[in-house]
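Participant: Provided below are the primary sequence and the corresponding predicted coordinates.
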Amino acid sequence: MSKRPFIAARWELFVDRRVERLFRLLGWQERVIPYTAYGDDTFVRVLGRVVLSPTFDDTQLGKAAEEFLRRRGWRNFLTTPCVHARYEIHLGDTVVTGTSDRGGYIDHRVRDHDLAPGWRDGTVETTSSEPVGFEAQIVDADQRFGVVSDIDDTILTTMVPRLFISAWNSFFRREEARQAVPGMAVFLDDVLARRPGAPVFYLSTGAWNTHGFLTRFMRRHRYPRGAMLLTDWGPTNTGWFRSGPEHKRGALLQLSIDYPHISWLLVGDDGQHDPDIYGDFAASHPDHVTAIAIRQLTPAEQFLAHGTMEPLEVSSEHPRDIPVFRAPDGRGLRRVLDRYLSRN
């Protein structure tokens, strides 16, 4: 069997290299887009992307135009990645270097750092870009609880994945028009207030291009800050598109490896595959799941999500001693989980 990447991945690399070469000739400069990092006392996973941007972006007028345009959804998806760009990460007294992947993405694990638990700052830069700061959540080694929350239709109403509505929400609607699910921010805040220092991760099949929008959305609606685990919508080394469910399964498995002593509250919705994905993870890793909280979509949301008025049938079976709580919004989930979390 050939070990060469899938033809679509090779074609994407071919196109990206030539587009990058063109824009460099036009004077565009390298810029790093940092994402939220996370880790513990043994590692920090630094995430980001190296892209090209016109020098116009560095002026006050350019920054104002960029701020205005990126609030239109389509602007989040127009980027020019830097293929295999060299970068340098500064984290405390630790300095490491690396190379971005064929999509310009940075995914670097920094070892032997000197950071104490809590939120810490770092910087990342390329050989020709300015340093940009990023935040890193360092989880205490004694922490035993954490939260993993879905994004689409769990904390943010998107009506994914019906193509037309998803495209309209993602590409054309203004950021300010996007709606939060009632009570979810308060629910997550209440859960984390009971477990000081516990991390929260936001897990989604959405593209990394939306990271800036999601960060601003969560800040505006007062969601607890935490690292996001998103994906790239482009081709993989084995196929045309990435599998959303497999991305979530892989991210949960990675968290169980990164934090072997943490048991997670898994938060999602019943509009797509969350109950199956969480159920399978609970069955295979029962020591890593405290409980499952599922937001129940309305019949209209169910229809827009998958074409029927009822939730999808759940095929997985999770351990009976791991409770599953269901409610239509954050206020309901907070109410049904209150007694359980108080006891545990």
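Facilitator: Now that the structure is in, tell me what you want to look at.
Participant: Only C-alpha atoms from now on, for both contacts and neighbour counts.
Facilitator: OK.
Participant: Do a quick rundown of the strands in the stretch 51-200 of the chain.
Facilitator: Using DSSP state E, counting those that start in this stretch, the strands of the stretch 51-200 of the chain run over residues 86-91, 94-99, 105-111, 118-126, 132-138, 145-150, 200-207.
Participant: Those into a markdown table, with extra columns for mean pLDDT, distance to Met228 and mean neighbour count?
Facilitator: Conversion of those to a markdown table gives the following (pLDDT from 0 to 100; distance: least, Cα to Cα, whole Å; neighbours: other Cα atoms under 10 Å):
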| stretch | mean pLDDT | distance to Met228 | mean neighbour count |
| --- | --- | --- | --- |
| strand 86-91 | 97 | 19 | 19 |
| strand 94-99 | 96 | 21 | 15 |
| strand 105-111 | 96 | 13 | 19 |
| strand 118-126 | 97 | 15 | 19 |
| strand 132-138 | 97 | 11 | 21 |
| strand 145-150 | 98 | 10 | 22 |
| strand 200-207 | 92 | 5 | 19 |
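Participant: Which among the ones you listed is found nearest to Val44?
Facilitator: Among these, the nearest to Val44 by Cα to Cα is strand 105-111 (5.1 Å).
Participant: Chain neighbours aside, what residue packs nearest to Pro328?
Facilitator: The shortest distance from Pro328 to any non-neighbouring residue, by Cα to Cα, 6 or more residues apart in numbering, is to Gln296 (4.5 Å).
Participant: quick one: contacts for the one you found?
Facilitator: Asp269, Asp270, Gly271, Arg326, Ala327, Pro328, Asp329 (Cα atoms under 8 Å, 6 or more residues apart in numbering).
Participant: try 6 Å
Facilitator: Neighbour list for Gln296: Asp269, Asp270, Ala327, Pro328 [criterion: Cα atoms under 6 Å, 6 or more residues apart in numbering].
Participant: quick one: Leu26 from Val19, how far?
Facilitator: Spatial separation of Leu26 from Val19 under the definition Cα to Cα, to the nearest Å is 11 Å.
Participant: and the two? which has more neighbours close in?
Facilitator: More neighbours surround Val19 than the other of Leu26 and Val19, with 15 against 11 (other Cα atoms under 10 Å).
Participant: for the stretch 1-150 of the chain, what are the low-confidence residue spans?
Facilitator: By pLDDT under 70, the low-scoring segments of the stretch 1-150 of the chain are 1-16, 20, 56-79.
Participant: Now do the same contact list for Phe145.
Facilitator: Contacts for Phe145 (Cα under 6 Å, 6+ apart) come out as Ala198, Ile262, Ser263, Trp264.
Participant: one more time with 10 Å
Facilitator: Applying Cα atoms under 10 Å, 6 or more residues apart in numbering, one finds that Phe145 lies in contact with 192, 195-200, 259, 261-265, 288-290.
Participant: Among those, which one lies nearest to Arg111?
Facilitator: Of all the contacts of Phe145, the one with the least separation from Arg111 (Cα to Cα) is Tyr259, at 15.0 Å.
Participant: Neighbours of that closest one, how many?
Facilitator: 18.
Participant: And Leu115, by the same measure?
Facilitator: Counted with other Cα under 10 Å, the burial measure for Leu115 works out to 22 neighbours.
Participant: circling back: now which of the contacts of Phe145 would you call buried?
Facilitator: In the contacts of Phe145, burial by neighbour count holds for 192, 197-200, 259, 262-265, 288-290, counting by 16 or more other Cα atoms under 10 Å.
Participant: could you pull out the helices for the stretch 201-344 of the chain?
Facilitator: Taking DSSP state H, counting those that start in this stretch, the helices of the stretch 201-344 of the chain run over residues 211-220, 244-258, 274-284, 299-306, 330-343.
Participant: now do the stretch 1-150 of the chain
Facilitator: Using DSSP H, counting those that start in this stretch, the helices of the stretch 1-150 of the chain run over 7-25, 60-70.
Participant: related to what we said a few turns ago, of the helices of the stretch 201-344 of the chain, which approaches Phe134 most closely?
Facilitator: Between Phe134 and the helices of the stretch 201-344 of the chain, the tightest spacing by Cα to Cα is seen for helix 211-220, at 12.4 Å.
Participant: just how off-centre is the closest one within its chain?
Facilitator: 11 Å (Cα atoms, centre = their mean, to the nearest Å).
Participant: just to revisit the earlier point, would you point to the one among the helices of the stretch 201-344 of the chain that's packed deepest?
Facilitator: Mean neighbour counts were compared across these using mean count of other Cα atoms under 10 Å; the top stretch is helix 274-284, at a mean of 21.
Participant: any chance of the buried ones among the contacts of Phe145 in JSON lines, plus distance to Val132?
Facilitator: Converted to JSON lines, the buried ones among the contacts of Phe145 look like this (distance: Cα to Cα, whole Å):
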{"residue": "Leu192", "distance to Val132": "29"}
{"residue": "Gly197", "distance to Val132": "26"}
{"residue": "Ala198", "distance to Val132": "27"}
{"residue": "Pro199", "distance to Val132": "24"}
{"residue": "Val200", "distance to Val132": "24"}
{"residue": "Tyr259", "distance to Val132": "28"}
{"residue": "Ile262", "distance to Val132": "31"}
{"residue": "Ser263", "distance to Val132": "33"}
{"residue": "Trp264", "distance to Val132": "32"}
{"residue": "Leu265", "distance to Val132": "33"}
{"residue": "His288", "distance to Val132": "35"}
{"residue": "Val289", "distance to Val132": "36"}
{"residue": "Thr290", "distance to Val132": "37"}
